[in-house]
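# Have a look at this fold, sequence not included:
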């Protein structure tokens with residue numbers, strides 16, 4: 001029988017984790033040995049996972065068929081999609097003004113969708129479309145500015161880099177010169193914008209930057225970049241560090257703001273934990289499974305149940321909310337499937353409220369702020385994949 005995440009306050013030090021060779025953080029940072037190469041593909045999807053999804057789609061099995069049909073039917077997944085890169089993107093507060101920002105987000109999601117379709121179908125036109133989108137931004141984009149620049153890069157980077165990782169490591173025909181140009185975009189444009197995070201903002205900002213910094217570290221084989229994000233997830237001073245974003249019974253820093261932003265923060269931290277897991281670092285288990293507590297608390301409240309709420313002071317004493325917010329309550333974001341797979345599928349822990357949301361929300365489709373398609377890409381992975389992260 002699955003264990004409850006609430007019965008014992010301890011890190012996930014199970015035999016399965018120990019056998020997998022996962023580095024378990026103890027709240028003070030977790031380093032990978034400098035001589036251990038990164039696994040590729042190894043951001044949100046390993047090769048074994050991609051092959052599993054491909055086999056399930058080919059077989060027409062549930063729930064993958066409905067999820068695949070949803071991806072294939074979306075506008076961003078069509079071969080006539082045309083990227084709209086701007087040279088100088090500007091995103092103001094709450095996306096006002098919006099100069100190329102929405103196009104950037106939609107094009108990043110399109111690149112990711114076409115990369116997935118390339119792997120699943122072997123249809124080269126999808127690889128070519130993903131490459132065309134990546135190249136368009138690598139050669140056109142010169143700056144990202146405005147009040148929300150850090151948030152925007154954190155939100156879009158995860159999709160761009162996942163697309164690039166799949167394309168680079170699946171013989172899709174992306175030229176070395178074009179790959180170098182894309183690397184330049186990540187290292188010299190995106191990274192300086194997010195390098196120092198934004199501690200005073202609501203935590204979804206830092207969380208967005210953590211996920212993208214981890215993804216870029218893997219893609220660029222840059223261990224220092226990867227480790228910087230790991231350290232911030234665990235011990236960063238800002239609201240997006242996991243124990244600042246989620247307290248010890250699951251209340252989130254933005255639970256009193258609204259439920260949409262709360263789910264953004266949780267979703268980004270979930271992506272971060274999955275990326276780290278692929279590279280042999282367990283962020284999921286940090287601080288007594290703190291991330292699981294946040295998902296369960298948020299799922300429970302949004303399913304209509306009452307939860308304990310206490311105002312607590314965020315970093316720098318701002319962004320404080322006196323009562324839990326019912327704004328956007330019951331509107332579920334596409335963030336639950338990935339994390340449910342880890343805690344319940346891999347680790348055998350009870351996640352009753354998260355599980356209810358997964359069933360209610362299947363298949364998880366595409367939402368602009370997220371690395372989407374959770375049901376297609378994370379549901380029901382096989383036992384071998386449950387038992388171990390990718391080899392380092």
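Looks like it came in fine. As the structure is a computational prediction, the values presented were derived from the model and not from experiment.
# okay, CA-based contacts and neighbour counts for the rest of this
Will do.
# So for the residue positioned nearest the centre of the chain, what's the nearest residue that isn't a sequence neighbour?
With distances taken as CA atoms, centre = their mean, the residue of the chain nearest its centroid is residue 271 (2.5 Å). The shortest distance from residue 271 to any non-neighbouring residue, by CA to CA, 6 or more residues apart in numbering, is to residue 211 (6.0 Å).
# picking up where we left off before, Provide a list of residues in contact with the residue nearest to the centre of the chain.
Counting by CA atoms under 8 Å, 6 or more residues apart in numbering, residue 271 touches 44, 211, 338, 371.
# Which of these fall within helices?
By the criterion of DSSP state H, membership of those in helices covers 211, 338.
# would TSV of the contacts of residue 271 with neighbour count, pLDDT and distance to residue 231 be doable?
Output for the contacts of residue 271, formatted as TSV (neighbours: other CA atoms under 10 Å; pLDDT from 0 to 100; distance: CA to CA, whole Å):
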residue	neighbour count	pLDDT	distance to residue 231
44	25	98	19
211	29	98	12
338	25	97	22
371	26	96	22
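# Which one of the contacts of residue 271 is nearest to residue 219?
residue 44 (11.4 Å; CA to CA).
# Where does the closest residue to that closest one other than its chain neighbours sit: helix, strand or coil?
Take residue 44 and drop its neighbours on the chain: the residue closest to it by CA to CA, 6+ apart is residue 275, 5.5 Å away. Look at residue 275: counting by DSSP: H, G, I helix; E, B strand; the rest coil, its state is helix.
# So residue 275 sits against residue 215, correct?
Yes - Residue 275 is in contact with residue 215 according to CA atoms under 8 Å; the separation is 6.8 Å.
# more crowded one of those two?
Taking other CA atoms under 10 Å, residue 275 and residue 215 do not tie; residue 215 has more neighbours (29 against 26).
# list the contacts for the residue nearest to residue 271?
So residue 211 contacts 154, 158, 229, 268, 269, 271, 272, 275 (CA under 8 Å, 6+ apart).
# quick one: it from residue 319, how far?
Distance of residue 211 to residue 319, computed by CA to CA, to the nearest Å: 22 Å.
# ok, residue 85 - contacts?
Residue 85 makes contact with 100, 103, 104, 136, 137, 140, 141, according to CA under 8 Å, 6+ apart.
# Skip ahead from the lowest-mean-pLDDT helix or strand in the chain and say which helix or strand is next.
Here the helix or strand of the chain ranked lowest by mean pLDDT, DSSP states H and E is helix 15-20, holding a mean of 33. Toward the C-terminus, helix 15-20 is succeeded by helix 47-59 as the next helix or strand (DSSP states H and E).
# Helices along the stretch 101-250 of the chain, start to end?
With DSSP state H, counting those that start in this stretch, the ranges of helices along the stretch 101-250 of the chain come out as 101-121, 124-140, 149-168, 176-184, 191-194, 203-219, 223-235, 242-245.
# so of those helices, which one's packed in deepest?
Comparing those by mean neighbour count (mean count of other CA atoms under 10 Å), helix 203-219 comes out on top with a mean of 29.
# Name the residues of stretch 76-94 that are buried.
Within stretch 76-94, the residues that qualify as buried are 76, 77, 78, 81, 83, 84, 85, 86, 89, 90, 91, 92, counting by 16 or more other CA atoms under 10 Å.
# what number of residues lie near the residue nearest to residue 366 when sequence neighbours are not counted?
Using CA to CA, 6+ apart and skipping the chain neighbours, the partner closest in space to residue 366 is residue 372 (4.9 Å). For residue 372, the count of nearby residues is 24 (other CA under 10 Å).
# Quick check on residue 372: phi, psi?
phi -90, psi -160 (degrees, to the nearest 10).
# per-residue pLDDT, it?
pLDDT for residue 372: 94.
# Do I have it right that it meets residue 363?
No - if you go by CA under 8 Å, residue 372 and residue 363 don't touch, sitting 10.4 Å apart.
# Need the contact partners of stretch 116-132.
Stretch 116-132 has contacts (CA under 8 Å, 6+ apart) with 50-51, 53-54, 57, 79, 110-112, 114-115, 163-164, 166-167, 170, 172-174.
# before we move on, what about stretch 235-254?
27-29, 198-207, 232-234, 261-262, 265, 269, 287, 290-298, 308-309, 312, 314-315, 321.
# Buried ones among the residues you listed?
Buried members of those, scored by 16+ other CA under 10 Å, are 198-207, 232-234, 261-262, 265, 269, 287, 290-298, 312, 314-315, 321.
# Let's see which of those residues end up in strands.
Assigned to strands by DSSP state E, none of the buried ones among the contacts of stretch 235-254 qualify.
# For stretch 70-81, the averaged confidence score.
Averaged across stretch 70-81, pLDDT comes to 98.
# ok, now stretch 218-229?
Mean predicted confidence for stretch 218-229 is 98.
# cool, stretch 246-259 as well?
The average pLDDT for stretch 246-259 rounds to 97.
# For it, measure first residue to last.
Distance across stretch 246-259, first residue to last, is 14 Å (CA to CA).
# Show me the shaky parts of the chain.
Scanning the chain for pLDDT under 70 picks out 1-35, 382-392.
# mind redoing it with 80?
1-35, 313, 316, 381-392 (pLDDT under 80).
# and the residue lying closest to residue 295 once chain neighbours are set aside, how many residues sit next to it?
Spatial nearest neighbour of residue 295, chain neighbours left out: residue 354 (6.5 Å); criterion: CA to CA, 6+ apart. Neighbour count of residue 354, defined by other CA under 10 Å: 23.
# Now do the helix or strand where residue 354 lies: distance to the chain's middle.
According to DSSP H and E, residue 354 maps onto helix 352-361. Centre-to-centre, helix 352-361 and its host chain are 19 Å apart (CA atoms, centre = their mean, to the nearest Å).
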